[in-house]
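Asker: how would this look folded up:
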Amino acid sequence: MSIVYAVVSILLVILCLGVPAIATVFFFKRFGKAPRSNEDYLLEKIRDLENRIKKLEDEFYE
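Answerer: Numbers count the residues shown, from 1 in each chain. Predicted coordinates:
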């Protein structure tokens, strides 16, 4: 009976320590990339606006 108790205890400890570690890794993978993609989106929009301004300036000066 004590062997079963020891095995269950070890599995419980591994589960209690492993789940938060795995959750933390997934959390950082999920939210760690958000600023980069957000920055890329903003840079793309800035470039689009610069192109639109240039086209409008070209039309205005013609």
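Asker: mean confidence for the helix ranked longest in the chain?
Answerer: If you go by DSSP state H, the chain has its longest helix at helix 2-32. In this model, helix 2-32 has a mean pLDDT of 91.
Asker: next SSE after that helix?
Answerer: Proceeding N to C from helix 2-32, the next assigned helix or strand is helix 34-61, under DSSP states H and E.
Asker: Tell me which residues of that next one come out buried.
Answerer: Neighbour counts over helix 34-61 (16 or more other Cβ atoms under 10 Å) mark no residue as buried. For glycine as for every other residue, the C-beta is placed from the backbone atoms N, C-alpha and C.
Asker: other SSEs contacting that helix?
Answerer: Taking 3 or more Cβ pairs under 8 Å, 6 or more residues apart in numbering; DSSP states H and E as contact, there are no helices or strands that helix 34-61 lies on.
Asker: Would you check the distance separating that helix from the middle of the chain?
Answerer: Chain-centre distance of helix 34-61: 24 Å, with Cα atoms, centre = their mean, to the nearest Å.
Asker: do the same with stretch 17-25
Answerer: 16 Å.
Asker: May I see the buried residues of it?
Answerer: Result for stretch 17-25 [16+ other Cβ under 10 Å]: no buried residues.
Asker: what's the spacing between Ile22 and Val8?
Answerer: Distance of Ile22 to Val8, computed by Cβ to Cβ, to the nearest Å: 21 Å.
Asker: Apologies, that question was intended for Asp58.
Answerer: 75 Å.
Asker: I'm done for today, thanks for sticking with me.
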